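**Student:** have a look at this prediction, sequence included:
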Amino acid sequence: VWTIDVKHGQSDETRTGVTIDFDDVVDIEGSRGHAHLVLKFDIATEKAHCSLLTTDDFHSKFKGKKQLLKQVPRAATADDEGEWVPFLAFEARGLEVTKVHIGDDNFDVVSTHGTSFSPDLSDGGDWADYDKGPVSLTGFETKVDVLR
């Protein structure tokens with residue numbers, strides 16, 4: 001489950017703390033499609049919708065766009081230190097995702113010794129533990145880039 005902030009695509013109306021989950025599949029009215037989130041903004045006549053993209057969905061959507069395919073969501077590694085790593089992708093209609101909030105169950109961290117941790121990053125971007133040596137995340141933050 002991810003918590004996001006969204007903005008209506010044609011106005012300044014916003015919603016904060018909206019949840020979206022791969023397991024929630026909602027039919028889109030008047031369409032054969034479905035989405036992981038469907039909502040109605042007060043100003044709008046139509047409902048907006050948003051879906052989380054799998055790696056395969058992302059490749060299919062941006063097939064033939066080599067620069068954009070470099071942004072495919074993936075796991076970060078120790079080699080990515082200091083770099084932005086895309087870990088989540090959305091497809092949205094009628095809304096824009098403006099922020100992704102990190103909670104206590106969004107990520108697993110695996111130490112170089114193979115021990116798995118589930119860090120709570122909800123109070124900021126720093127976390128540390130110990131597994132035959134220090135294991136940590138520091139300065140973790142999110143940003144949203146729009147790809148077209």
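**Tutor:** Right, received. Where do you want to start?

**Student:** excluding chain neighbours, what is closest to the most centrally placed residue in the chain?
**Tutor:** Centroid-nearest residue in the chain, with Cα atoms, centre = their mean: residue 88, separated by 3.6 Å. On the basis of Cβ to Cβ, 6 or more residues apart in numbering, the spatially nearest residue to residue 88 that is not a chain neighbour turns out to be residue 73, at 5.6 Å. C-beta here means a position set from N, CA and C on the backbone, and glycine is covered the same way.

**Student:** which strand or helix spans residue 67?
**Tutor:** helix 66-69 (DSSP states H and E).

**Student:** now the helix ranked longest in the chain, how far from the centre of its chain.
**Tutor:** Among all segments of the chain classified by DSSP state H, the helix with the greatest residue count is helix 55-61. Using Cα atoms, centre = their mean, to the nearest Å, the distance from the centre of helix 55-61 to the centre of the chain it belongs to is 15 Å.

**Student:** what's that helix in contact with?
**Tutor:** 51, 53, 69, 72-74, 89, 91 (Cβ atoms under 8 Å, 6 or more residues apart in numbering).

**Student:** give me the subset of those residues that lies in strands.
**Tutor:** Within those, membership in strands is found for 51, 91, as judged by DSSP state E.

**Student:** ok, and the most crowded of the contacts of helix 55-61?
**Tutor:** Neighbour counts for the contacts of helix 55-61 were taken using other Cβ atoms under 10 Å; the highest belongs to residue 51, which has 22 neighbours.

**Student:** tell me the confidence at that residue?
**Tutor:** On pLDDT, residue 51 comes in at 97.

**Student:** might you report the residue contacts of it?
**Tutor:** With contact taken as Cβ under 8 Å, 6+ apart, residue 51 is in contact with 34-37, 57, 90-92.

**Student:** same question for residue 13.
**Tutor:** Residue 13 sits next to 7, 41-43 when contact means Cβ under 8 Å, 6+ apart.

**Student:** for the protein, list the residue farthest from the centre, please.
**Tutor:** In the chain, the residue that sits farthest from the middle, by Cα atoms, centre = their mean, is residue 132; the gap is 31.3 Å.

**Student:** I'd guessed that one sits against residue 114; true?
**Tutor:** No. No contact is recorded between residue 132 and residue 114 when judged using Cβ atoms under 8 Å, the distance being 10.1 Å.

**Student:** quick check: neighbours shared by these two?
**Tutor:** Shared contacts of residue 132 and residue 114, defined by Cβ under 8 Å, 6+ apart, are absent.
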